[in-house]
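Visitor: Need a 3D model of the following:
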Amino acid sequence: MNNRMIIWITGASTGIGREVARQYARDGHTVCVSARGVDGLKRLADDCADAKGSVRAYELDVTDPERAQDVFDAILNDVGVPDLVILNAGTSAPDTAARFDRELYARIMDVNYMGVINCLQSVLPAFLQQRRGQLAVVASVAGYRGLPLAAAYCASKSALITLCESLQPELVSNGVSLHVVDPGFIRTPLTDKNRFPMPFLMEVEPAAARLISGLEQGRFEITFPKRFTWMVKTLRFLPFPLYLRLTRLLVRGD
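Guide: Predicted coordinates for the structure are as follows:
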C-alpha cells in the first residue's frame with residue numbers, strides 16, 4: 001500500500017502483532033499499538049524510533065470493554081479514524097478432560113473471542129458510518145477442527161472464524177472489508193511454551209510479511225505457512241470416524 005495509513009493493532013507487545021506493527025511503521029504508516037504489556041509496547045516504540053512512520057502505545061486489556069472504547073476514542077482524538085484495525089490479542093493454555101477447568105475455558109474465551117467482540121463494538125460504528133475501513137481478525141488453523149488437548153483454544157478460534165464468516169457479507173456491502181487470519185505454527189513467545197513438535201514452524205518476520213501481503217491482496221482468509229495450513233484444511237473434509245481415529249492416536253501417542 002503506497003498511501004500512508006492509520007493502523008490499530010491489539011496484542012502488539014510480542015509475537016506476530018509486534019512484528020506486523022514494526023513492518024508497517026518501517027514503511028511509513030502511523031501505527032497505534034495496544035497490549036497489557038506496557039514495557040513491551042515501549043520497547044517496540046523505541047525500536048521504531050528511526051522508522052519512516054510512527055508508533056503510538058495504548059495500554060489495553062481487551063477483556064475490558066470500557067477500556068477498549070476508551071483506547072479507540074483516544075486513537076480518534078490523537079490521529080483520527082484508523083484505516084486498518086488488526087485484532088490480534090490472544091492467549092492459549094493446554095487443557096485435558098482429566099483436569100477440566102471451567103475458569104481456564106472462560107479465560108481463553110474472554111481473551112480470544114470476547115476481546116475481539118469488545119474491540120468490534122468500538123470500531124464498527126465508526127467504520128459503518130464512513131462506509132469504509134479494513135478489519136483483520138487473527139484466528140488460527142486450530143479453529144478448523146477440534147484438536148486433542150486444546151479444546152478451549154480450538155473452540156475460541158473456531159468461534160472467531162465463524163464470526164468473520166457471518167459478518168463479512170453485511171460488512172462488505174457497507175464498504176467495510178473483513179479478513180480472517182489463520183496462521184499455523186509461528187515462532188513466538190506463545191509457541192515457545194509448546195512441548196510438542198510443531199511442523200513447518202515459521203519465523204515471525206516472514207509470517208508478518210505474509211499477513212500484510214494478504215491484506216494488500218484483499219483475501220478474505222489469509223493463511224501461512226501454506227504447506228501446513230492446506231494440509232490441516234483437508235482434515236475438515238474427513239468423516240468423523242476417520243478423523244477421530246487419527247486424533248485418538250495423538251492422545252495415546254501411538
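
Visitor: what's around T223, how many residues?
Guide: Neighbour count for T223, taken as other CB atoms under 10 Å: 23. (C-beta placed from N, C-alpha, C; glycine too.)

Visitor: again with G175
Guide: 12.

Visitor: for D110, same thing?
Guide: For D110, the count of nearby residues is 16 (other CB under 10 Å).

Visitor: Skipping its backbone neighbours, what lies nearest it in space?
Guide: Once flanking residues are discounted, D110 sits nearest to T63: 4.9 Å by CB to CB, 6 or more residues apart in numbering.

Visitor: ditto for D64
Guide: D64 sits nearest to N118 (CB to CB, 6+ apart), 7.3 Å away.

Visitor: Could you pull up the contacting residues of that neighbour?
Guide: By CB atoms under 8 Å, 6 or more residues apart in numbering, N118 lies in contact with V62, T63, D64, P65, A68.

Visitor: Next one: it from Q69, what distance?
Guide: Distance, N118 to Q69, by CB to CB, to the nearest Å: 8 Å.

Visitor: for A126, same thing?
Guide: Taken as CB to CB, the span from A126 to Q69 is 11 Å.

Visitor: ok, and for the longest helix out of those in the chain, which residues are buried?
Guide: Ranked by residue count and defined by DSSP state H, the top helix of the chain is helix 151-172. Buried residues in helix 151-172, defined by neighbour count with 16 or more other CB atoms under 10 Å: 151-161, 163-164, 167-168, 171.

Visitor: and what of stretch 34-48?
Guide: S34, A35, R36, G40, L41, L44, A45, C48.

Visitor: Look up the pLDDT of the closest residue to the third one other than its chain neighbours for me, please.
Guide: Right, R36. Of all residues not flanking R36 in the chain, D61 sits nearest, at 5.1 Å (CB to CB, 6+ apart). If you check D61, the pLDDT there is 98.
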